[in-house]
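Asker: Make a model of this:
(one chain, ligands or ions: 1)
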Amino acid sequence: LFLKSLYAHGFKSFAEPTRLDFTSEMIGVVGPNGSGKSNITDAIRWALGEQSNKSLRGKSMDDIVFSGSANKQPLTKAKVTLTFSNARNNFSTIDDDIVEITRTFDKKKRESEFFINGEKAKLKEIQDIALETGLTKSSLAIISQGTISNFAEAKPEARRELFNEAAGVAKYKKRKQEALTKLIKTQENLDRVNDIVHQIE
Ligand code: ATP
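Answerer: Purely as a prediction, here's the structure:
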């Protein structure tokens, strides 16, 4: 399996250090409303560099730190570690067989730190790696509750965009647009060169 395990402590409802091992092809998570099921996918997206508080269902980054419950004191730090298998060289820039991505957040310092296999990393490096996991926001690998109703209520054009994205067409469309823009620029340059040639003749 690609994503082997998730460790979380201090992230949202993970008041205690918690490790989830994804040992089977299919895993079901059951629990009453509000028991923290969606917090698992939030933790995955957060560790992979999610910057939007809204998409993490909070108002500020502080909201991702465990804020206490009836019988537990609030915490000041959050930590999530994702362990990926790199046996199929999914991570083109990393040689190790296992890739561990960690994000920490300190409420007092108000900043996140990222680590790749224990080494401090920049957000940009995490975001590049996140693209290779296929788990990031635009990949539709994580479909949260709202996504389904948004899809059902979307206008046909918007729905088509989602289909394009799911089918992997979107990235080619983007590249086509970039190529067309380049083509127009090149034609303009060519016209200019022709003008100069005419002038000289
Ligand atoms: P549903 O089935 O209703 O969608 P769920 O099981 O997916 O629910 P989540 O939305 O993942 O539940 O979890 C929400 C719970 O997480 C709430 O009980 C909320 O109090 C708790 N929670 C979220 N952020 C924090 C935080 N910073 N500190 C403590 N608890 C938090």
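Asker: Show the pLDDT at residue 146.
Answerer: Here, the pLDDT recorded for residue 146 equals 78.
Asker: any idea which element it lies in?
Answerer: In the assignment (DSSP states H and E), residue 146 maps to helix 145-153.
Asker: Give me the phi and psi angles of the nearest residue to residue 19 once chain neighbours are set aside.
Answerer: Distances taken as CB to CB, 6 or more residues apart in numbering put residue 7 closest to residue 19, at 4.8 Å, once the chain neighbours are dropped. All C-beta atoms are positioned from the backbone trio N, CA, C, and that covers glycine. Recorded main-chain torsions at residue 7 are phi -120, psi 130, according to degrees, to the nearest 10.
Asker: same for the helix or strand that the helix holding residue 146 is followed by, what does it pack against?
Answerer: Helices and strands here follow DSSP H and E; after helix 145-153, the next one along the chain is helix 156-166. For helix 156-166, the elements it packs on are helix 170-200, judged by 3 or more CB pairs under 8 Å, 6 or more residues apart in numbering; DSSP states H and E.
Asker: in the helix it packs on, what's buried?
Answerer: Within helix 170-200, not a single residue qualifies as buried, counting by 16 or more other CB atoms under 10 Å.
Asker: Report the angle between it and helix 156-166.
Answerer: Helix 170-200 runs at 100 degrees relative to helix 156-166, counting by axes from the mean of the first three to the mean of the last three CA atoms, to 10 degrees.
Asker: tell me the mean pLDDT for helix 170-200?
Answerer: On average, helix 170-200 scores 92.
Asker: Show me what it is packed against.
Answerer: Looks like helix 170-200 contacts helix 156-166 (3+ CB pairs under 8 Å, 6+ apart).
Asker: and the direction of the helix it packs on versus that of helix 145-153, what angle?
Answerer: With the same axes, to 10 degrees as the basis, helix 156-166 and helix 145-153 are set at 130 degrees to each other.
Asker: which outside residues touch the helix or strand in which residue 42 is found?
Answerer: Using DSSP H and E, the element containing residue 42 is helix 37-47. Contacts to helix 37-47, defined as CB atoms under 8 Å, 6 or more residues apart in numbering, come from residues 3, 6, 8, 11-14, 20, 29-31, 55-57, 64, 80-82, 101-103, 135-137, 142, 144-145.
Asker: and that helix, anywhere near the ligand?
Answerer: Yes: using CB under 6 Å from any ligand atom, we find that helix 37-47 touches the ligand at 37-39.
Asker: Export these to TSV and append columns for neighbour count and pLDDT.
Answerer: TSV is the format used below for those (neighbours: other CB atoms under 10 Å; pLDDT from 0 to 100):
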residue	neighbour count	pLDDT
37	16	94
38	16	92
39	19	95
